[in-house]
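> I need the structure of the sequence given here:
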Amino acid sequence: MLSFLLAALLPGLYWDQDAATADAVKQAGVEQLFVAPDQVAAWKSAGFEAQAFDSSRRVKLPVPGVQYRMDVASATRIPWIDANGWRFARHSDRPYYYDVPRGKAMLAAAEAYAYGADAVVHPDPQDLELFGRMLGFLRRIDQPPLPAMANIGIIDDSSAQTGEVLNLLARRNLLFRVIPAPDPKFDLNVKIGDQDYPRSEAANPAAFSMTIRQKLTDEKRLVRLFGSDVVLARLTGDGTRLRLHLINYSDRKVEGLRIRVRGEYPHGRLAAFDVKNAELADYAAADGVTEFTIPEMNVYAVIDLNK
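Residues are numbered from 1 along each chain as shown. Predicted coordinates for the structure are as follows:
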């Protein structure tokens, strides 16, 4: 039963090629897949656990990645991250699917896994081997999911405006949870339209998210990242152990990423996709925080912290 629950967390593959490609799919390490309804029998005959894919039953997600936009004021290129974590946080019970171009299958799979989303990835056929490698990595690091950690509560009115605020909070690694009403367990409760958070200010989500950061204070942030504008974090834990998911939305390796986590966790272990002998550097747990450096990471890394 436990193995089934663990496997359920892994992203699925929607493969629109016919069963003549079965050998390639097996070589990629994929045993379960979604296929066109009229192909289910053929794939089962080829030895796969095949399910019919119906896009109408799933929410299609934007392609994750980074766009570089020119900042007119400073004449610099500012990375804009297209990420779906805030969507998963807003509607965790929905089934999703990605239809991604070449080069994005690994990122989509890592993002879905990091947020525990029920998601299916439709990759470019040339990315099958890369998707399989990511799936193999996820299997190796998989464990029973821990509760999502957050210290900002957002009362969601289901508006597009609030959605954009959630997007900007996620992009700034300000960890929030969508809640139906204020909850004292959070350091900050935010309801757009209240006196402290007027709707007129939320019309500028970037400035509004900065206001939330200032009210929370950096000292109370659960996670802070230094050295990259293209890595987003998700933190889960149960008080004695944490699992920190890091997703690199660019197509370039990130080096020298410094992390600060609230709380003292003397023991830490790094697993980084496609990085040999991955180890945490400059590790310290003292004065109420844990700090360490990730020498290098590609698309995805997971850090397990324990007391």
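> from the chain's centre, how far out does the helix or strand harbouring residue 119 sit?
Using DSSP states H and E, residue 119 falls within strand 118-122. For strand 118-122, the gap between its own C-alpha mean and the chain's C-alpha mean amounts to 13 Å (CA atoms, centre = their mean, to the nearest Å).
> then stretch 38-45?
For stretch 38-45, the separation from the chain centroid amounts to 32 Å (computed by CA atoms, centre = their mean).
> can you pull the domain assignment for this protein?
2-141, 152-218, 223-306 (automatic domain parsing).
> where among those is average confidence lowest?
Ranked by mean pLDDT, the domains of the chain end with domain 2-141 in last place, scoring a mean of 90.
> ok, back up a step: how about TSV for the domains of the chain, with mean neighbour count added?
For the C-beta atoms, the positions are set from N, CA and C on the backbone; glycine is no exception. Supplementary listing: the domains of the chain in TSV, determined by neighbours: other CB atoms under 10 Å:
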stretch	mean neighbour count
domain 2-141	17
domain 152-218	16
domain 223-306	17
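> the stretch 1-150 of the chain: strands as residue ranges?
12-13, 32-35, 49-52, 59-61, 65-71, 76-82, 95-99, 118-122 (DSSP state E, counting those that start in this stretch).
> got JSON lines for those, with distance to residue 307 too?
Listed next are those as JSON lines, based on distance: least, CB to CB, whole Å:
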{"stretch": "strand 12-13", "distance to residue 307": "35"}
{"stretch": "strand 32-35", "distance to residue 307": "36"}
{"stretch": "strand 49-52", "distance to residue 307": "39"}
{"stretch": "strand 59-61", "distance to residue 307": "36"}
{"stretch": "strand 65-71", "distance to residue 307": "35"}
{"stretch": "strand 76-82", "distance to residue 307": "32"}
{"stretch": "strand 95-99", "distance to residue 307": "34"}
{"stretch": "strand 118-122", "distance to residue 307": "31"}
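> any idea which of these gets closest to residue 128?
Closest to residue 128 of the strands of the stretch 1-150 of the chain is strand 12-13 (CB to CB; 8.2 Å).
> and for that closest one, what's in contact with it?
Outside of strand 12-13, the residues within contact range by CB atoms under 8 Å, 6 or more residues apart in numbering are 30, 32-34, 119-121, 123, 131, 135.
> that strand: partners in the sheet, and parallel or antiparallel?
When pairing is defined by DSSP bridges, strand 12-13 lines up against strand 118-122 (parallel).
> got the angle between the strand it pairs with and strand 95-99?
Strand 118-122 and strand 95-99 are oriented at 20 degrees to each other (axes from the mean of the first three to the mean of the last three CA atoms, to 10 degrees).
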